[in-house]
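Novice: have a look at this prediction, sequence included:
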Amino acid sequence: MKRTARPRWKSLGVDRLLRHALRHWHADEGWRAIEALQRRGSPAVLARVVALCASPNVRRRAVGVSIAAQLSRHTQAGLALYAEEETQRLLLRGLADPHHDVVRAAVGGLGLRPHGESVQALLRLASHPDARMRWQVAVALGSYEEPETIAGLIRLSADPSDEVRDWATFALGSLRMEDSPEIRAALRRNLDDADLDVRGEALVGLARRRDDGIVEALIKRLTPDCHVYELDAAEALADPRLVTALEALAQGDTSPEEDPWHERLRAALDACRGPR
């Protein structure tokens, strides 16, 4: 029987991994090689990454920035960021690259290695014509504390792309805990979104802000076919007015006790019943 050899990523040297990453850029094999390199943080690997990022070749720059985005090393406590300041500089430079593949890789890295100098560039990219870029910006902005990034997330929460709206609404509602009339207005608008996940994230975001105006809407949504979003929102609100609807769900619940939906239902009920 003929056997097809597959690369053993952990056992491959840096040179072979780089060849795979460059040859199979935009394919799964290339990304597996990049992920392996991201866990090889060392002075030697960092030097290779710096050289790649300075290359006149777009693909080499994109691979270099992609590795820099999550360059880490193994420690006794697990994976830890490696050369954070050096890689941040590479990512900031990548934001100004003329090719969108390099820019998108830099945006992804700056969500994991946030740097205040990137904020204005990220906000400009929130209007990029490529939905993949706008999604990456939405993901990145959720990691920033600068107040002006909220406006970017509010804009992205109304994006034409379901995926972009979903992540921006999640970032506004759950990753960021600022509260303002503008944030609540954006979340309320998305309560009736065509996309289920966007609606759910908006509901949870308002519940985490203890928005009393969603209680009646939430009661109507606590039906046997509701999703975990509604249960998480009920737990966050912890409002006694939700107990009757939650108890009706519990009476008809036949899922195993270890089922995540069952666990979320019990947690919501306990929160709404309050201290006993």
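Specialist: Thanks, I have it.

Novice: what segments of the stretch 1-150 of the chain are strands?
Specialist: 72-75, 78-81 (DSSP state E, counting those that start in this stretch).

Novice: so which bits of the first one are buried?
Specialist: Applying a neighbour-count criterion of 16 or more other CB atoms under 10 Å, the buried positions in strand 72-75 are Ser72. All C-beta spots, glycine's among them, are computed from the backbone N, C-alpha and C.

Novice: what does that strand contact?
Specialist: Gln38, Arg39, Arg40, Gly41, Ser42, Leu79, Ala80, Leu81, Tyr82 (CB atoms under 8 Å, 6 or more residues apart in numbering).

Novice: now with 7 Å?
Specialist: Gln38, Arg39, Gly41, Ser42, Leu79, Ala80, Leu81, Tyr82 (CB atoms under 7 Å, 6 or more residues apart in numbering).

Novice: that strand pairs with which strands, and in what direction?
Specialist: strand 78-81 (antiparallel) (DSSP bridges).

Novice: quick one, grab the pLDDT at Arg6.
Specialist: pLDDT recorded at Arg6 is 50.

Novice: actually Lys2, sorry about that
Specialist: Lys2 is assigned 45 on the pLDDT scale.

Novice: just to revisit the earlier point, and the contacts of strand 72-75, which is closest to Gln136?
Specialist: Gln38 (16.6 Å; CB to CB).

Novice: correct me, but that closest one touches Gln70?
Specialist: Yes: with contact defined as CB atoms under 7 Å, Gln38 reaches Gln70; the gap is 4.3 Å.

Novice: Asp193 and Arg199 touch, don't they?
Specialist: Yes: in this structure, Asp193 is within contact of Arg199 by CB under 7 Å, at 5.0 Å.

Novice: what about Ala245, neighbour count?
Specialist: By the criterion of other CB atoms under 10 Å, Ala245 has 20 neighbours.

Novice: OK, contacts around it?
Specialist: Ile219, Leu222.

Novice: okay, and it sits in which element?
Specialist: Per DSSP states H and E: Ala245 is located in helix 243-251.

Novice: and that helix, C-alpha only, in PDB?
Specialist: Presented in PDB, the C-alpha positions along helix 243-251 are these (Å, rounded to 0.1, in the frame of the first residue of the first chain):
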ATOM      1  CA  VAL A 243     -37.900  33.200  36.600                       C
ATOM      2  CA  THR A 244     -41.300  32.100  35.300                       C
ATOM      3  CA  ALA A 245     -40.000  31.700  31.700                       C
ATOM      4  CA  LEU A 246     -36.900  30.000  32.900                       C
ATOM      5  CA  GLU A 247     -38.800  27.600  35.100                       C
ATOM      6  CA  ALA A 248     -41.000  26.700  32.100                       C
ATOM      7  CA  LEU A 249     -37.900  25.900  30.100                       C
ATOM      8  CA  ALA A 250     -36.500  23.800  33.000                       C
ATOM      9  CA  GLN A 251     -39.700  21.700  33.300                       C
END
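
Novice: and the angle for the helix or strand just after that helix with helix 243-251?
Specialist: Per DSSP H and E, the first helix or strand lying C-terminal to helix 243-251 is helix 260-273. Interaxial angle, helix 260-273 versus helix 243-251 (axes from the mean of the first three to the mean of the last three CA atoms, to 10 degrees): 150 degrees.

Novice: so what secondary structure elements neighbour helix 260-273?
Specialist: Here helix 260-273 touches helix 228-237, helix 243-251, going by 3 or more CB pairs under 7 Å, 6 or more residues apart in numbering; DSSP states H and E.
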